[in-house]
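Asks: Quick one: sequence plus predicted model below, questions after.
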Amino acid sequence: MKLTIDLVPQTAWGNSLYNFYKQNKAWDWHKIKQKVFDLEGKKCWICGHAEGPFEAHEFWRYNHKEKIQKLVGIHHLCGNCHKIKHFGFWTETETGLEKLKKENLTKIELIMHFCDVNNCLEKDFKEHKDKSFKLHAWRSQQEWKTDFSWIEKLNLNVIMPNTNLNSF
């Protein structure tokens, strides 16, 4: 599937590059976003939608044996693809549902976007969602170290979070 639900474990909430720059009042997040636009163009990395606004999304890989959450990329996504990535927030929390309503969107519209992008049926979405939430529940019982070393690949002069696999 091109578009997947990727729920961040509760024990790793806040351990993101975006939050690091926000906490340190650094403008480096904007440098990173611009570099991604320069490399990929102004379109959704997943569905190809070419009308903004776009939101930068951090992609993570999880090493279950060593309990390492590793940043493996940052890509710009359209609003609907980004909401699917954070489906739990947008459809399972009061805050997310309120924001969804303010954007005149529904959970069904997000599911339809998922199905359109992945050329699948609603039952396929439900199966994927159930697996994602089950994995999220397991990962949320683990303590994760965070590896931000991927950001060095962009060759930008930015403040780096601690890359020795410790959370900040």
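Replies: Perfect, I can see it now.

Asks: Pull out the buried positions in the biggest helix by length in the chain.
Replies: Looking across the chain with DSSP state H, the single longest helix is helix 122-139. Neighbour-count burial for helix 122-139, counted by 16 or more other CB atoms under 10 Å, picks out Phe125, His128, Lys129, Ser132, Leu135, His136, Arg139. No exception for glycine: its C-beta is placed from N, CA and C like everyone else's.

Asks: Repeat that for stretch 81-92.
Replies: Cys81, His82, Lys83, Ile84, Lys85, His86, Phe87, Gly88, Phe89, Trp90, Thr91.

Asks: now stretch 153-164
Replies: Neighbour-count burial for stretch 153-164, counted by 16+ other CB under 10 Å, picks out Val158, Pro161.

Asks: Just the CA trace of it, in CSV.
Replies: Coordinates of the C-alpha atoms in stretch 153-164 are reproduced here as CSV (Å, rounded to 0.1, in the frame of the first residue of the first chain):
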residue,chain,number,x,y,z
LYS,A,153,22.0,13.2,4.7
LEU,A,154,20.4,16.5,3.8
ASN,A,155,23.8,18.3,4.3
LEU,A,156,22.2,21.3,5.9
ASN,A,157,23.7,23.5,8.5
VAL,A,158,21.1,22.8,11.2
ILE,A,159,21.2,22.2,14.9
MET,A,160,21.2,18.5,15.5
PRO,A,161,19.3,16.7,18.2
ASN,A,162,21.3,14.2,20.2
THR,A,163,22.0,11.3,17.7
ASN,A,164,23.4,8.9,20.2
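
Asks: No further questions, thank you.
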